[in-house]
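Undergrad: Pasting the sequence and the predicted model now:
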Amino acid sequence: MIERIKTFVARYGALLLTLVIFLSVYFAGGQLYPAMRKPQVFFNLFINDSSLLLVSIGMTMVILSGGGGIDLSVGGMIALVSTASAALLRAGVSPFIVLPLMIVMGVALGALMGWIIQSLKVQPFIATLMGLFFTRGMAYIISLTSVTITNDVYRTFALTPIHIPFISKAYIYPTTLVGPIMLIVAIYLSFFTRFGRTIYAMGNNEQSAMLMGLPVARTKILVYAFSGLCSALAGIVFSMSLLAGYGQFATGMELDAIASVVIGGTSLSGGVGNVIGTLFGVLIHGTIVSILQFNGTLSSWWTRIGVGVLTLIAIGIQSIFSVKTKRS
Amino acid sequence: MNNPNNIVEMVGITKSFPGVVALEDVDFSLRKGEIHALVGENGAGKSTLIKILTGVEQPDRGTIALDGKFVHVRSPQHSQELGISTVYQEVNLCTNISVAENIMLGREPHRFGSIHWKKMNEMAQHAIDRLNIDVDVTKPLGNYSIAIQQMVAIARALEVLSAKVLILDEPTSSLDIQETNLLFDVMRRLKSEGIGIIFITHFLDQVYQIADRITVLRNGKLVGSYEASALPRFELVAKMLGRSLVELDAMAKEKSQEEGGENKQPLVEAKALGLTGTLKPVDLQINASEVLGIAGLLGSGRTEMVSLIYGVTTPDTGSLVVDGKEVTKFSPLESLKRGVALCPEDRKAEGVVGDLTVRENIILALQARYGWFKFISPQKQNEIANKYIQMLGIVTPSPEQLVKNLSGGNQQKVILARWLATNPKVLILDEPTRGIDVGAKTEIQKLVIQLAEEGKSCMFISSELDEVMRVSDRIAVLRDRSKVAEYANDVDEKTLIQAMAGEV
Amino acid sequence: MKQTTFLKKIRESQLFWPLVAWALILLFNAIVAPGFFKLGIIEDPVYGKRLYGNLVDIFNNGAPLMLVAIGMTLVIATGGVDLSVGAVIAISAAMGAVLINPALGNQLITNDILTRNATNTPLPIIILADLAAGTLCGLWNGLLVSRAKIQPMVATLILMVAGRGIAQLITNGQIMTIYYTPYFWFGNGYILGLPVSIYIVTAVLLLAWLLVRKTAIGLFIESVGINTKSTYYSGINEKNVKLLAYTFCGFCGAIAGLILSSYVHSADGNNNGLNYELDAILSVVMGGTLMTGGRFSLLASVIGAVVIWTFTVTVYSLGVPANALLAAKAVLVLLVILLYSDYSRRLTNRLFERRGSQHDRAN
């Protein structure tokens, strides 16, 4: 029995730790600000952070694949997708053409970055930093100012609340569901397909994965394409919830995503962690932002500083953990 | 084919790389159900032979037959398809995923578009059971010791690749005795199943413990293949080092008793210096104007010992006294300030800074010793560089040539110059003559003797015994990560080899 | 074959390609806008007679970038990168603004306090505080990279994002306009008819050059960037070398922030030095320093920065909006990185050598 508990802790320990941290932060918030005890506050985490959850899922897969893998382009992708879809909708294009088009664009840009990283041997942070500037630049080329969306389909998605059964006055929006759905997709991919297992294998040791005959090169390109998909979806959700598109949307979201991933227990050196942890990382991030907002006297820039500090702490905890495992 | 029992038959294999003949007319055969040890010192050609068998390199001449049929091994993948699998010292598996995945990934069973975990675990367990070891295949590979990881690699080779020939490349280097025995049990089991195993190791005990036959290579040539039971250990070491018994006996008689050294002042004195898991406590003294030779086979702990003395690693037992002062701070810079210099073994990774010029490489350590702000002027730099280029006969078009463009021997001389420029009291040379041509070798040997005459003390490490004997005043012998003997320079080669082989 | 070796020397100089690029852009301008090179002398009400013209503006406005490029060169040469330079500029700018204006705390700032031409703090202290803030940021980055062993990209990304928060924190989230005239001298002043910023860049370049080439630091930085392990074995404290590079980069960012805020008369935590990290990386790469570290040339990086700025000005003058330029620059960075990669270098060398091979054989 004790052996089984040990195994369980060893396997799910990091995840449990993240869960415990989330719960304690959440309840601490509830103690400080009674208004935070409303159930809707919990669902607001999902509503407000649906884009962040999406890009963090993609980011998790990229970081898991190792080799310094990172995707700094996520914020820019949101800006580009939101601006491009707003502009297309304003030009009268049907949303049912715009939506798939945006997804294809995201996947294609992601795959392009993956190809540059894999085939041209450019460091991931350089390639995706260029991706960030490229996508933001393109967003500004489309429009220098914020473009509002008046399309009915978008408005319906954005403004129809879905009531949560059994909990009074609690609701979410249709767009809120995209994140959790992608989470399930990512769980399936990472645990039940060769693609996912290859990501883990190459994140641990790319050379070994190659010698094991796994399709490392293809997987690397695909993982950036997957992150591109997630960012494109995040861009769609973002534009739906704000009913606008703007080149300045989601500035600094790359660090929010990296912070969430790291807080969620994924190691920056790759191969360790999972998307479920990332969900809690995003929720912890969201809760801390909520607390700052409930405080009211603390201003928005504290969020940025807070995220930086949080990332640093998470990296610190991880390096302590990795030293420990190396010793044992 | 002359022997139907042979699964591998390599004949007349020759392979040369630019400037070196790595293998010359080497024959090698492996029988079914045999454990065949392949031994030889660095540069003997073991790894080249294995690379040719596994398709990493193509031979210039020679044939390979597998199960009596001639084959052309095109690539590592192809060799795996042919049933040849290799397990390395550093296991080429992924520690973060489960044992079952490590065995099955690439051939994993699917159901309803997803991995069929239950079936995969069953298949992996089956493969593990075949080796008769106790492993939970659902746990991450990293939970297990290197020994088990190697066996998982073997399981993968057998299960996924249905290997008939298994190459174990230094598998026991990081295993303790128990783990080694566990591995040997598995090897014997596989042997009884008719699998041919090529076992590469530098632990001679283990060769005799497990191998049926031994093939000795030296300097790219085949010394011979022998039944293990018919080759005494001493003779094996002599063959690895290129000596015949008759020759050794004669030399032992000829060598005259020279006068013992006068009582010299110890410059470096190590007492019980050691680092857990790396080097067992060692006592060592180096005197002024003396060359201390270090003899020992690969893996005997010689590099580990000098790393401690130079302060690359910090010891956890014992004490080190340099020039009368107890050492408390262990780092290369501190050693440099104490007048201790190390010319490291791995020239490429630890020695040269490839994209710097010859001049910059030569003055690097001296400048490090001076610190950031006491800059050596360009004129002075040129002076120093030119001095050592002349003194050591470094062949370079100019001091401004990038070091990476020089030949191996000249790179080595540049590194030597770097240390000589700091005017050290103690110069430690770890395999300074490896991979360089004969002329350069002799020059470096002469230089070492000359330095000692000038009052410096040197530690000279080499895999080549004659070299060690030629330059050294005293010779310390290391074996199994500890110092086992020390001799004056009148020792004969036979005694040394016996000490290295562990037959004192 | 003296001539071919001379040509080869020129071609292998790190200054060669950035100068060629600059010449091409200038040539383009000469054709498209003949007035581009016009220089003149006008009487400035404050600073007396001064030179004016596009070229002067390029050097004046490009000064912050040139400064940041100098610092970034050292960091990249050690094999790292500093993504936080833009944020450091913002912090330094905010520091200057807040010390001039009494906006500490949450007190209400009335217009007359803000707009009077006065300062709360003596100018030398403002400058020192600016420099100290930026240098501290650099030191922080350096400690994270060299001591905590965090990958440079992640370590500096933290400050890239959090730093803008810090800048806003300093100015209490406001865009602070500066009305204190002596402060404007750094970005708008003239000495002997030339912009002050040119003198500052020259001074910093000289200082950096003295620091790295007249001491052993330059050699150590290159050595660390090429082979960290060999460098360590040679007795060099590679951690302190990295620490110094990041700290100096922070110092350069601080001066850049000072000039920038002085030039635009304001401090804006969100937008000061926006996207400078991209331009700085581009300048350094254009100057021939590899992203993997090693050989560097400070002057080449500064010329790289001049090229970037000339390019920027040229594109603006064609009527392309500022932010759209980002996309073009991103593509440009990638192309330049690929051009300078080992692969294409070998390719160009082979092309050149094929032509020269007959001469070589004759030797």
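TA: Happy to help now that I have it. In this text, all values refer to a predicted model and were calculated from it rather than measured experimentally.
Undergrad: So the top helix by length along chain C, near chain A or not?
TA: In chain C, with assignment by DSSP state H, the single longest helix is helix C:238-264. No: between helix C:238-264 and chain A, judged by CB under 8 Å from any CB of the partner chain, nothing touches; the nearest distance is 15.8 Å. Placement of C-beta: from N, CA and C, glycine included.
Undergrad: contacting residues around stretch B:113-126?
TA: A:188, A:191-194, A:197, B:99-101, B:103-104, B:108-111, B:137-138, B:155, B:159 (CB atoms under 8 Å, 6 or more residues apart in numbering or on different chains).
Undergrad: Now, these that are in helices?
TA: A:188, A:191-192, A:194, A:197, B:99-101, B:103-104, B:155, B:159.
Undergrad: what bits of the chain have low per-residue confidence?
TA: This is for chain A. By pLDDT under 70, the weakly predicted segments of chain A are A:1, A:7, A:9-11, A:297-298, A:321-328.
Undergrad: Wait, chain C was what I had in mind.
TA: C:1-5, C:7, C:11, C:102-116, C:341-363.
Undergrad: Please apply the same query to chain B.
TA: For chain B, counting by pLDDT under 70, the residues that fall below are B:1-2, B:19, B:42-43, B:243-264, B:435, B:437-438, B:503-504.
Undergrad: Spell out which residues of it are next to chain A.
TA: Counting by CB under 8 Å from any CB, chain B sits next to chain A at B:76-77, B:91-97, B:101-102, B:105-106, B:108, B:114-115, B:117, B:139, B:142-143, B:156.
Undergrad: List the ones among those that fall in helices.
TA: Judged by DSSP H, helices contain the following of the residues of chain B next to chain A: B:76-77, B:101-102, B:117, B:156.
Undergrad: How is chain B partitioned into domains?
TA: Split into domains by automatic domain parsing, chain B comes to B:1-83+B:169-231, B:91-163, B:266-501.
Undergrad: Export those to TSV and append columns for mean neighbour count and distance to C:Phe220.
TA: TSV is the format used below for the domains of chain B (neighbours: other CB atoms under 10 Å in any protein chain shown; distance: least, CB to CB, whole Å):
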stretch	mean neighbour count	distance to C:Phe220
domain B:1-83+B:169-231	18	32
domain B:91-163	20	36
domain B:266-501	20	7
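Undergrad: Which of those sits closest to C:Ala90?
TA: In terms of CB to CB, the element of those nearest to C:Ala90 is domain B:266-501, at 31.2 Å.
Undergrad: Any residue of the closest one touching chain C?
TA: Yes: using CB under 8 Å from any CB, domain B:266-501 comes into contact with chain C via B:312, B:332-333, B:335-336, B:342, B:344, B:349-356, B:360, B:364-365, B:367-376, B:418.
Undergrad: Next step: those restricted to strands.
TA: B:Leu342 (DSSP state E).
Undergrad: Just the ones of the residues of domain B:266-501 next to chain C in helices?
TA: B:332-333, B:335-336, B:360, B:364-365, B:367-370, B:418.
Undergrad: Adding distance to C:Leu278, write those out as JSON lines.
TA: Conversion of these to JSON lines gives the following (distance: CB to CB, whole Å):
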{"residue": "B:Pro332", "distance to C:Leu278": "38"}
{"residue": "B:Leu333", "distance to C:Leu278": "37"}
{"residue": "B:Ser335", "distance to C:Leu278": "43"}
{"residue": "B:Leu336", "distance to C:Leu278": "41"}
{"residue": "B:Glu360", "distance to C:Leu278": "32"}
{"residue": "B:Leu364", "distance to C:Leu278": "34"}
{"residue": "B:Ala365", "distance to C:Leu278": "38"}
{"residue": "B:Gln367", "distance to C:Leu278": "35"}
{"residue": "B:Ala368", "distance to C:Leu278": "35"}
{"residue": "B:Arg369", "distance to C:Leu278": "40"}
{"residue": "B:Tyr370", "distance to C:Leu278": "39"}
{"residue": "B:Arg418", "distance to C:Leu278": "39"}
